[in-house]
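> Predicted model and sequence below, questions to follow.
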Amino acid sequence: MAKTRTIYRCNECGAAHPKWSGQCSSCNEWNTLVEEFEQPRATAASYSGPAARPVPLASVDPSAAKTRPTGITEFDRVLGGGLVAGSVTLLGGEPGIGKSTLTLQLLSALAADGRRGLLVSAEESPQQVQLRALRLGSRHEGLWIVAETALPAILAAVAEVKPELLVVDSIQTVFDPDLQSSPGSVSQVRECAHALVIAAKASGVATVLVGHVTKEGTLAGPRVLEHVVDTVLSFDGDRHHALRLLRASKHRFGATGELGLFEMRDAGLVALEDPTDLLLGDRRPDLAGSCVVPVMEGRRTLLVEVQALVAETKAAMPRRSGQGIDYNRLAVLLAVIERRVGYTLYQKEVFASAMGGVQINEPAGDLGIALAVVSAHNGRPIAADVVACGEVGLGGEIRRVGQMERRLGEAKRLGFARAVVPEATPDIPGLTLLRVKDLRTAIDRLDLRAET
């Protein structure tokens, strides 16, 4: 019998270490090593199934990987049409973001279409799930539930119900009794996920594994499971806002460039074909410090309002704060405004925010953020029909960004008439382009100079 050994495994990346250390040598994260008792198992040697035979690639029928719609349009958009039989999808996101709601609606949509789904509720009781189902209006005969955390019992339930879709919520709480490590450990999560993948491939049941992602890294996150699943989805957004975004970072059956948009309401998640009203519906066009920026999320263009506030302060260290905007990028833009344009900001507090819970993580938002700060500083509002798009260099120059035609085409569709863009931007019929070479020129073209 193999001897049990003690190892220290990183909860962030899953790397094993012979002894404890404050920092993981694999991913360089701090305080992520936990003690585990591991008994090596020859899982591959114990497999008694038939061996696969080599076949000519030309003889393989690709119809086995055909997608089937789920009934939730934005979910199907991200997956390129729907779920594939026997595929395994990992749905990750922070606790409370709406993963359980999304998966319950997914099962309900399939059940409403006469297809059978099984929810493995490893965290909530059936009564709790039923209360959520009543709130969402998800009561269908084809929706089955089992409250179980032991892997053998889960596999037995799948064999009994024979569902078309299996949802395990969540994979962190499932455990294999044959493993000595505790539930939620990296070993348990990895081995249980691997067993579910083998079962999905053998039975043809599409499987969705729900995984929590915490900032502290106390539980094994999706990165530990990425190599064993077919698709990795991230479900995120600001829990204080209604907007939710669904992205695919890995998808073996299609592209990963699509974005799914949902709005969280009392009755559950509602698919958003056009999020304009949610993002710009409460905008005040006459407000100084406001600028609309077309940002790309996957292949979709979102028009996001950026707001800035510049305030006098007597504090020795004025605050700089960015919500939905990278703090370091904001600091660089403030330095460019001071050095290249001549506005004194080092003695003032500056706050910038991307409204609606959207994160602006691309350089295309630089120009809009900088113009919003200048507008707030000088008290001069930017015209309501203007969008701004471009990267700001350290010399104050405005540089080109990708997919400009797609960005500006969306701005035109939503009724904007003018766009502040880099000089080399091609013409967009029906949209007046204010081509600028640097930030100073952009300020002059929009008449944002302070009144003397």
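Here it is on my side, so go on. These numbers come from a predicted model, not from an experiment.

> Which parts of the lengthiest helix in the chain count as buried, going by neighbours?
Determined from DSSP state H, the single longest helix within the chain is helix 186-203. Residues of helix 186-203 classed as buried by neighbour count (16 or more other C-beta atoms under 10 Å): 186-200, 203. C-betas here are computed from N, CA, C, even on glycine.

> what sits against Asp266?
Arg135 (C-beta atoms under 8 Å, 6 or more residues apart in numbering).

> Could I get the CA-only coordinates of stretch 158-176 as CSV?
This file holds the C-alpha atoms of stretch 158-176, laid out as CSV (Å, rounded to 0.1, in the frame of the first residue of the first chain):
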residue,chain,number,x,y,z
VAL,A,158,-26.4,11.1,-12.7
ALA,A,159,-26.8,7.5,-13.7
GLU,A,160,-30.3,7.3,-12.3
VAL,A,161,-31.7,10.6,-13.7
LYS,A,162,-29.8,10.5,-17.1
PRO,A,163,-30.0,14.2,-17.6
GLU,A,164,-29.0,16.1,-20.7
LEU,A,165,-27.4,18.8,-18.5
LEU,A,166,-25.7,18.4,-15.2
VAL,A,167,-24.8,21.4,-13.0
VAL,A,168,-22.6,21.0,-9.9
ASP,A,169,-22.8,24.0,-7.6
SER,A,170,-20.1,24.2,-6.5
ILE,A,171,-17.1,22.0,-7.3
GLN,A,172,-15.2,23.3,-4.2
THR,A,173,-17.6,21.5,-1.9
VAL,A,174,-17.6,18.1,-3.6
PHE,A,175,-15.3,15.5,-2.1
ASP,A,176,-14.0,12.0,-2.9
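
> Can you tell me which of the buried residues of helix 186-203 is nearest Thr89?
Nearest to Thr89 out of the buried residues of helix 186-203 is Ala200 (C-beta to C-beta; 9.8 Å).

> Report the secondary structure state of Thr70.
Under DSSP: H, G, I helix; E, B strand; the rest coil, the three-state class of Thr70 is coil.

> hmm, back to that, so which elements touch the longest helix of the chain?
Judged by 3 or more C-beta pairs under 8 Å, 6 or more residues apart in numbering; DSSP states H and E, helix 186-203 is in contact with strand 5-10, strand 33-38, strand 88-93, helix 151-161, strand 165-169, strand 206-212.

> could you check the angle helix 186-203 makes with the first one?
Computed with axes from the mean of the first three to the mean of the last three C-alpha atoms, to 10 degrees, the direction of strand 5-10 lies at 90 degrees from that of helix 186-203.

> Quick one: residues in contact with the helix or strand just after strand 5-10.
Going down the chain from strand 5-10, the next helix or strand is strand 16-17, by DSSP states H and E. Outside strand 16-17, the residues within contact range by C-beta under 8 Å, 6+ apart are Ile7, Tyr8, Arg9, Cys10, Cys24, Ser25, Leu33.

> could you redo the last one with a cut-off of 6 Å?
Ile7, Tyr8, Arg9 (C-beta atoms under 6 Å, 6 or more residues apart in numbering).

> and if you look at stretch 386-395?
The contact list for stretch 386-395 (C-beta under 6 Å, 6+ apart) reads 291-292, 294, 336, 363-364, 366-368, 370-371, 398-399, 401, 407, 411, 416, 418-422, 439.

> What of stretch 340-358?
237-238, 241, 243, 279, 304-311, 313, 318-325, 330, 334, 337-338, 360, 369, 377, 396, 439-440.

> Sitting in strands, which of the residues you listed do you find?
243, 304-311, 320-323 (DSSP state E).

> and which of those residues is nearest to Ala51?
Nearest to Ala51 among these, with distances taken as C-beta to C-beta, is Leu243, at 49.2 Å.

> got the buried residues for stretch 105-125?
Buried residues in stretch 105-125 (16+ other C-beta under 10 Å): 105-111, 115-124.

> how about low-confidence regions in the stretch 151-300 of the chain?
213-224 (pLDDT under 70).

> picking that back up, TSV for the contacts of strand 16-17, including pLDDT, neighbour count and distance to Lys99?
Listed next are the contacts of strand 16-17 as TSV, based on pLDDT from 0 to 100; neighbours: other C-beta atoms under 10 Å; distance: C-beta to C-beta, whole Å:
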residue	pLDDT	neighbour count	distance to Lys99
Ile7	84	18	30
Tyr8	86	17	30
Arg9	80	24	25
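
> Kindly export stretch 380-396 (C-alpha atoms) in PDB.
Listed next in PDB are the C-alpha coordinates belonging to stretch 380-396 (Å, rounded to 0.1, in the frame of the first residue of the first chain):
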ATOM      1  CA  ARG A 380     -16.500  73.200 -18.900                       C
ATOM      2  CA  PRO A 381     -18.900  70.400 -20.000                       C
ATOM      3  CA  ILE A 382     -18.200  68.300 -23.100                       C
ATOM      4  CA  ALA A 383     -21.000  68.400 -25.700                       C
ATOM      5  CA  ALA A 384     -23.600  65.700 -25.400                       C
ATOM      6  CA  ASP A 385     -23.100  64.400 -28.900                       C
ATOM      7  CA  VAL A 386     -19.300  63.700 -28.600                       C
ATOM      8  CA  VAL A 387     -17.500  60.500 -27.900                       C
ATOM      9  CA  ALA A 388     -13.700  60.300 -27.400                       C
ATOM     10  CA  CYS A 389     -11.500  57.300 -28.300                       C
ATOM     11  CA  GLY A 390      -7.700  57.100 -28.400                       C
ATOM     12  CA  GLU A 391      -4.600  56.200 -26.400                       C
ATOM     13  CA  VAL A 392      -2.600  59.000 -24.700                       C
ATOM     14  CA  GLY A 393       1.200  58.600 -24.900                       C
ATOM     15  CA  LEU A 394       3.600  60.000 -22.400                       C
ATOM     16  CA  GLY A 395       4.300  62.900 -24.700                       C
ATOM     17  CA  GLY A 396       0.700  63.900 -24.800                       C
END
